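Colleague: coordinates for the following, if possible.
(chains A and B)
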Amino acid sequence: MRNTIRFLVNDEPRELRSIDTNLTVLQYLRSVEKYCGTKEGCAEGDCGACTVVLGELRQGKMVYRAINACIYFVPMLDGKQLITVEGLASNEGQLHPVQKSMVECHGSQCGYCTPGFVMSMFAYYKQNTEADRTSLENALVGNLCRCTGYRPILDAGKQMFSEPGCGRFDDRHEHRIVQKLKEIQAEESLHLEHSDQQFFAPTKLEELLELKNRFPEAHLLAGGTDLGLLVTKLNRRLPVLISLEKVSELHTLSVLDSEVILGAGVTYAEAESVLKQEFFGFYEVLLRLGSVQIRNLGTIGGNLANASPIGDSAPALIALGAEVSILSMRGERKLPLQDFFLDYRKTALQPDEILTRIHIPRQVQETDSFFRVYKISKRFDQDISTLCGAFYLRKVKGRVEEIRIAFGGMAATPKRALQTEKFLRGVEWSEKTVELAMELLREEFTPLSDFRGSAQYRKVVSANLLHKFFLETSSSESRVGVLHHA
Amino acid sequence: MHKKISGGVSESVVHDSAIRHVTGQAVYTDDIAESYHQLHAALLLSPHAHARIVKIDLSKAWKCPGVEAIITADDIPGVNEVGPIFPGETALASGVVQYAGEPIVAVAAKSESEAKRAVAAIEVEYEVLPAAISIEDSLAQGLKVAAEHTLKVGDSQSALKQCEHVVSGEFHIGGQDHFYLEGQVASAVLGEGQEMLVYSSTQHPSEVQKMVAQFLGIPRNQVRVEVRRMGGGFGGKETQPAILACIAALLSVKSQKPVKLRLNRDDDMIMTGKRHHFLTRYKVGFDNEGRIGALEMVLAAGCGQVADLSTSILDRALFHSDNCYFLPNATLHGIPCKTNTVSNTAFRGFGGPQGMLGIENVMDHVARYLKMDPVQVRIRNYYGTADKNLTPYHQTVEDNIIPEITEQLLNSSQYFLRRKEVEEFNASSRFIKKGLAFSPVKFGISFTTSFLNQAGALMHIYADGSVYLNHGGTEMGQGLFTKVAQIVAEEFQIDLSRIRVSATDTAKVPNTSATAASSGTDMNGKAAQIAARILKQRLIDFAVSEFKVKPEEVIFHNNRVTVGERRIGFSELVNMAHHARVSLSTTGFYKTPKIFYDRGKAKGRPFLYFAYGACVSEVLVDGLTGEYRILRSDILHDVGTSINEAIDIGQIEGAFVQGAGWLTMEELYWDSKGHLKTHAPSTYKIPTCRDIPLDLRVEILKDSPNQEDTVYRSKAVGEPPLMLANAVWLAIKDAVSSFCAPGENPNLNAPATPEAVLKAIGSLS
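Modeller: Coordinates of the predicted model:
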């Protein structure tokens, strides 16, 4: 078993044996590397000031993704290239096209968010050959700027593609990085120790199960986008971390005849294209979950195992009739997702068990089937839902044959509106019956009042979302909402 | 001869730090290299909104690893005082805590996490006292942080009786967190002879210096405060940084080591002040044409636990409760309500936005009541130029250009055509409605506390012809350093690259005012211009005596100086002057002329001039959920003669989007116990790049120099454009009204969150 991690900081190799396993990459950069270009704006992955880019080898090619350094633990850098704002300009000091266009377009004012923007834009630059507004916005909504009003930054994002290419990580120089990364790849499992801390990165499922059995209190680390907050926000120490990243069985994604199977370690970003194809409503709501930086790390399995009442994956998956596979050394079991959530932040997982797969039936694809997910929040992107409603309907001759309605934000767990479903099953799918169902739905849950919205607002809107679903499934207008009219 | 210098006035040069920003080389306070025995501080904040501190037990905290100093209010050698206007405001709570988040104990330890762990080990016993959280609580109990203030013109009481129509209403205007990306931070370094150097992320170094000196009980000449740049300020770093600086400095004295106190985002948002929230009540009388005859308005401001700058902020709110409208009879009354929440403070606009939104809502109410286009009602009530130009504070509006701006913008935005289109769309759309609104802005420029309107600059020309520029203004991203350097380049007719801008430093320019009230360029630009002209005159005098020419034969142009027939390089002339023992260093000092305000009489001329602008915004609102989207915003804004259009456009757009955030998604939420529940970006949402108008068209008003003698006839631009966003809120209200009966004035609060929208539509009752 390995006991050291190796990675690149920009193009320089690093090898660490004893390191605080709870140290974030942001803290590491600022305090160890003395690279202070990367800033802390929130320490919770919500402002993007700490954005850095990870360069990784996938099938021999470089893949780049922007992440939040503030909630990413240093051991997770193993085998990767960490690119920071200090690394972009060429060795001769010539600015990278991203930097050049940001200067020319007046994209910085106070400059504090700027390194983060530059890095998000660098990742976008690496992944695209030109900018369109929507995809550029998708790439940048995880970066907050309080000075510019964003217009000049969006301009820079377009202009950068017409600047002549240069910089240290130019395609022409990429082979050097590929070589360096090849040298530090390792197949072996990882075990780091530092004072009372342990960090494991097993490569086999059996190994993972053994570790979970040995350390039932250990924290499983998938993307770490929520786990990181325990350290940065609550000042907690996480003595045993088990990373799921290198367990290949958890990263499979298969489309079968009857179902789509997502490995629990598949990130939102990795699932995007399949979900877009198969379950468009789910894809749409996931695009609003976190930011690119979060979706590049966060996993759907993590979102479920976390059992937050406002996780956006759950309502969609429950409405889709998804099931989850749970595994331990004792064996495997399968549960409908709706039964997975027991109470506030409590799941059916036993201490030695792990969530391995999510099974989503492909019945949405059938004729006269409809599936929509509506997320309501104060801000469109990267906001936690006030409520999130997911609706699945199959009609036969104008009547409701099958309906599943699931909500987040309406109770202590993601929950189905069983009474409303029951009322609707078998009746005519008309505005009149839907209005009656809305009355039921308004009273089906007793949500909380909090800073995201009052109980009354949640009740009214939950019912209105059913109305919206009706409008979108019964008239020529397939979308009723401000975004689709804009 | 006609070749121009590079980087002079009117050129859109990039921000002086732009390249350092994009490469990560710009150094902020937290980035300054740390000493090898650097300590880090953490604070214990009150968990109660109002409580008596019975006992503080530090014994366990002292035993925590890494701890080097712990202080409470009892350890302060000087005075525990950070009140900018009124005394009695403390840096560390003494005896009583008055808001949840008030700092009580500070710990310095070898690392931030050790300091935090020691803070967690402190035991405090409290006796919880009743707390007033909302403005309504405060009004009911008559709690105030200072005296009420009233502006009065004409006789509103009797005039209201003469009006054909009278309507009244009330609405809430939420506060706003600054959400500067760089949180509050101060770093204190104890030097020899107990000299204290403080690096502070502050808009007001002189005040930090003053507060640290009196906190430590030492003269101000023993304290130096430096700030090269801030990662955003927006008013949030005007008075608030003093608390951190005082604590860091005292911890440094106690430990005899350098101490840095950097607030994490949560503590920053919980502990430091925000934009004031208001409850605004009005009664307005008007005729059939919508002309206002009388207005009575009460502005109750939620000030928090102490006054801070609240009186000045409320004054400015009252000063902007007229906006562009002539109010023949008005009584405008401000109540600074005390609540057990964090003391609110300066925020871009400084009360102006809340005052202005109040009158804009009144205009909207009048128009809806009369079923008229709100634009018509607004235009009808505009200040005149020759007459109808007296404000409720008895300053005459002398530079009114709002009619021209209005006409230009209504044309360029095709307002009336789009009004028809909006109506047609709404007639055929059941659940999705459009809204369109126009709103004007008139914003008074100057500190309303007259003595603050002074600024200084320090300038050296070195013998190689390079210029060193320092002034009292601070750089927070607004481009002040760039603009002032451009002014100096223009004066000397040398390239901008020859001028070095430097960190703001109380040892270089003393007794400065805050960089606030949009006054940065107006005041520091003038001071630097005056300094440059003094040095230039010395060079001219030297050339006159050296080359026996007349003064008018000495002309500076494009890095050269023509002296009679001779052409000399600027640096050559400087070097010659140096050898002839001419002093090449000076200060410049500027004070704003004409202004005064007699607060006792509520009369005067608080403002040197006004900056104007207007905005047309169009939105789309979903009546099922209350969600909305800004479709388009057209802006025409007055900056006088621009010193740097790119920077000015940056200010206009940035302020507009910040204002739109304030009025739409940015919601501060305190629970019934006075705990702020929205204290990080996960819970407090500021706009992202997707939230700006899909179509944003921003223009600077052309050929409109400032009528007053400001630097290069420019106008202040920091705050005024924030209020352009009123049009966004009004457009949402316009769409909401399409869900309501004709003639009905929907009661929309700010921020217009989706919930507030549904409530205004009437769906939640």
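
Colleague: any idea how far the most far-flung residue of chain B relative to its centre is from chain A?
Modeller: Distance from the C-alpha centroid of chain B peaks at B:Lys548, with 50.9 Å (Cα atoms, centre = their mean). Taking Cβ to the nearest Cβ, to the nearest Å as the measure, B:Lys548 falls 47 Å from chain A. Where you see a C-beta, it was placed from the backbone N, CA and C, and this is true even at glycine.

Colleague: likewise B:Pro606?
Modeller: For B:Pro606, the distance to chain A - Cβ to the nearest Cβ - is 28 Å.

Colleague: how about B:Gln478?
Modeller: 7 Å.

Colleague: give the full set of residues in contact with that residue.
Modeller: A:Gln109, A:Cys147, B:Gly520, B:Ile647, B:Gln651, B:Gly718 (Cβ atoms under 8 Å, 6 or more residues apart in numbering or on different chains).

Colleague: tell me the secondary structure at the fifth one.
Modeller: In this case it means B:Gln651. At B:Gln651, secondary structure determined by DSSP: H, G, I helix; E, B strand; the rest coil is helix.

Colleague: is it true that it touches B:Leu722?
Modeller: No: with contact defined as Cβ atoms under 8 Å, B:Gln651 does not count as touching B:Leu722 (9.5 Å).

Colleague: returning to what we had before: of the contacts of B:Gln478, which pair is most distant in space?
Modeller: A:Cys147 and B:Gly520 (14.4 Å; Cβ to Cβ).

Colleague: now stretch B:532-550 - C-alpha only, PDB.
Modeller: Provided in PDB are the C-alpha atoms of stretch B:532-550 (Å, rounded to 0.1, in the frame of the first residue of the first chain):
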ATOM      1  CA  ALA B 532       0.600  68.700  -9.600                       C
ATOM      2  CA  ARG B 533      -0.100  72.300 -10.500                       C
ATOM      3  CA  ILE B 534       2.100  73.500  -7.600                       C
ATOM      4  CA  LEU B 535       5.000  71.400  -8.800                       C
ATOM      5  CA  LYS B 536       4.400  72.300 -12.400                       C
ATOM      6  CA  GLN B 537       4.400  76.000 -11.500                       C
ATOM      7  CA  ARG B 538       7.800  75.500  -9.800                       C
ATOM      8  CA  LEU B 539       9.100  73.900 -13.000                       C
ATOM      9  CA  ILE B 540       7.700  76.800 -15.000                       C
ATOM     10  CA  ASP B 541       9.200  79.400 -12.600                       C
ATOM     11  CA  PHE B 542      12.500  77.600 -12.900                       C
ATOM     12  CA  ALA B 543      12.400  77.500 -16.700                       C
ATOM     13  CA  VAL B 544      11.400  81.200 -16.800                       C
ATOM     14  CA  SER B 545      14.500  82.200 -14.800                       C
ATOM     15  CA  GLU B 546      16.800  79.700 -16.400                       C
ATOM     16  CA  PHE B 547      16.000  80.400 -20.000                       C
ATOM     17  CA  LYS B 548      14.700  83.900 -19.700                       C
ATOM     18  CA  VAL B 549      11.300  83.300 -21.200                       C
ATOM     19  CA  LYS B 550       7.800  84.400 -20.300                       C
END
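
Colleague: taking chain B, what residue is nearest to chain A?
Modeller: Minimum separation of chain B from chain A (Cβ to the nearest Cβ) falls at B:Gly24, amounting to 1.9 Å.

Colleague: would you mind measuring from that residue to B:Gly435?
Modeller: 42 Å (Cβ to Cβ, to the nearest Å).

Colleague: then B:Glu546?
Modeller: B:Glu546 is 69 Å from B:Gly435, by Cβ to Cβ.

Colleague: settle it for me: which of the two has more neighbours?
Modeller: Set B:Glu546 next to B:Gly435 and count neighbours by other Cβ atoms under 10 Å in any protein chain shown: B:Gly435 wins out with 24 against 14.

Colleague: the one helix or strand that one maps to near chain A at all?
Modeller: For B:Gly435, the host element (DSSP states H and E) is strand B:432-445. Yes: using Cβ under 8 Å from any Cβ of the partner chain, we find that strand B:432-445 touches chain A at B:Ile432.

Colleague: what's the next secondary structure element after that strand?
Modeller: Taking DSSP H and E, what comes next after strand B:432-445 is strand B:454-461.

Colleague: quick check: buried residues in that following strand?
Modeller: B:Gln454, B:Ala455, B:Gly456, B:Ala457, B:Leu458, B:Met459, B:His460, B:Ile461 (16 or more other Cβ atoms under 10 Å in any protein chain shown).

Colleague: can you get me a residue count around the closest residue to the first one other than its chain neighbours?
Modeller: So that's B:Gln454. The shortest distance from B:Gln454 to any non-neighbouring residue, by Cβ to Cβ, 6 or more residues apart in numbering or on different chains, is to B:Lys591 (4.6 Å). Neighbourhood size, B:Lys591 [other Cβ under 10 Å]: 13.

Colleague: isn't B:Lys591 up against B:Asn453?
Modeller: Yes: shown here, B:Lys591 and B:Asn453 form a contact pair, counting by Cβ under 8 Å, at 6.1 Å.

Colleague: tell me the SS of the residue with the shortest distance to the centre of chain B?
Modeller: Centroid-nearest residue in chain B: B:Arg348, 2.4 Å away (criterion: Cα atoms, centre = their mean). At B:Arg348 the chain is in coil, as set by three-state DSSP.

Colleague: now do the phi/psi pair for it.
Modeller: Phi and psi for B:Arg348, reported as degrees, to the nearest 10, are phi 0, psi 110.

Colleague: that one and B:Gly235 touch, don't they?
Modeller: Yes: between B:Arg348 and B:Gly235 there is a contact at 5.4 Å, judged by Cβ under 8 Å.

Colleague: strands along the stretch 551-700 of chain B, start to end?
Modeller: B:554-557, B:560-563, B:566-569, B:585-591, B:596-598, B:603-605, B:609-622, B:628-637, B:695-700 (DSSP state E, counting those that start in this stretch).

Colleague: so which strand or helix has B:Val298?
Modeller: Here B:Val298 sits within strand B:292-304, counting by DSSP H and E.

Colleague: for that strand, give the mean pLDDT please.
Modeller: Averaged across strand B:292-304, pLDDT comes to 98.

Colleague: partners of it, with directions?
Modeller: strand B:277-286 (antiparallel), strand B:330-338 (parallel) (DSSP bridges).

Colleague: distance to A:Leu448, mean pLDDT and mean neighbour count added to those strands, as a markdown table?
Modeller: As requested, those are exported to a markdown table (distance: least, Cβ to Cβ, whole Å; pLDDT from 0 to 100; neighbours: other Cβ atoms under 10 Å in any protein chain shown):
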| stretch | distance to A:Leu448 | mean pLDDT | mean neighbour count |
| --- | --- | --- | --- |
| strand B:277-286 | 23 | 98 | 23 |
| strand B:330-338 | 29 | 98 | 25 |
